[in-house]
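Colleague: Sharing a sequence plus its predicted fold:
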Amino acid sequence: MALDRQRIVAEAVALLDAEGLDGVTLRKLAARLGVRQPTLYWHLPNKAALVTALAEAILDQGFGELSPPAPQQRWQDWLRGLAERLRRALLAHPDGARVLSASQLSLKMADISELAMSTLVASGMPLRRARVIVLTVERFTVGHVLEEQAPRPTPDTVNEFDMAAFTERHPTVIAGITEYFRPGRTVDDLFSECLQVVIEGAVASAG
């Protein structure tokens, strides 16, 4: 099978899914493809180019089609759906948020930002405010997923953690977590509610 960029990137995504971002190297990718590492340089000259290609692939999978709000749809609801879609795209792959954060220039992310900003401007929003709102929503989403995908504590760390002392020192934090995550509540609900605060705050500040 001929070695082209599409095949290389597809194999890189498979490597990401298998080993996470730290395991994605040009050496390992070349081994999976059965070629010498210098062969990849014709398509991806360095690790930075590889990470950017991964970001493009992740976003392409989650955003095969981009479309503005439907008639009569509020831009707030449309932007919330866009952010939820971005979160799902990043969560679909290990370290998806790290990949996007580390990418040098994702044209697909630029497409998403262009559509979001132009949508807000078309609704009557001043350009400066539209840019700030879109950046805030995008960065909140990526940051939220970064935390969701962060490594969990090791068993040794958990065993050494004094939960009783922590609870005594931070009773409101524990009460808030316990109250929120009652049966039926999930991290999806938490993201949605936090996102709502971000967007509603933007609406209020915009008047």
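Modeller: Sure, I can see it. Numbers count the residues shown, from 1 in each chain.
Colleague: Surely residue 195 is in contact with residue 139?
Modeller: No - contact criterion CB atoms under 8 Å: residue 195 and residue 139 do not qualify, at 12.0 Å. For every residue, glycine as well, the C-beta is placed using N, CA and C.
Colleague: So for those two, which sits in the more crowded spot?
Modeller: It is residue 195, of residue 195 and residue 139, that has more neighbours when counted by other CB atoms under 10 Å, with 19 against 12.
Colleague: for that one, what are its contacts?
Modeller: The contact partners of residue 195, by CB atoms under 8 Å, 6 or more residues apart in numbering, come to 80, 83, 84, 137, 140, 141.
Colleague: Please list the members of the residues you listed that lie in helices.
Modeller: 80, 83, 84, 137, 140, 141 (DSSP state H).
Colleague: Name the nearest of the residues you listed relative to residue 11.
Modeller: residue 141 (27.6 Å; CB to CB).
Colleague: what about stretch 177-197, average pLDDT?
Modeller: Per-residue pLDDT over stretch 177-197 has a mean of 91.
Colleague: Quick check: residue 194 vs residue 180, distance?
Modeller: Applying CB to CB, to the nearest Å, the value for residue 194 to residue 180 is 11 Å.
Colleague: all helices of this structure, in order?
Modeller: Under DSSP H, the chain gives helices at 5-19, 26-33, 37-40, 47-62, 75-91, 96-102, 107-122, 127-148, 155-160, 163-169, 171-180, 187-206.
Colleague: just those helices: most buried one?
Modeller: Counting by mean count of other CB atoms under 10 Å, helix 96-102 has the highest mean neighbour count of the helices of the chain, with a mean of 23.
Colleague: and that helix, what does it pack onto?
Modeller: helix 47-62, helix 75-91, helix 127-148 (3 or more CB pairs under 8 Å, 6 or more residues apart in numbering; DSSP states H and E).
Colleague: what's it in contact with?
Modeller: 16, 21, 51, 54-55, 58-59, 89-90, 93, 106, 109, 142-143, 145-146, 148-149.
Colleague: same thing but 7 Å
Modeller: Helix 96-102 has contacts (CB atoms under 7 Å, 6 or more residues apart in numbering) with 21, 51, 54-55, 58, 89-90, 106, 109, 142, 145-146, 149.
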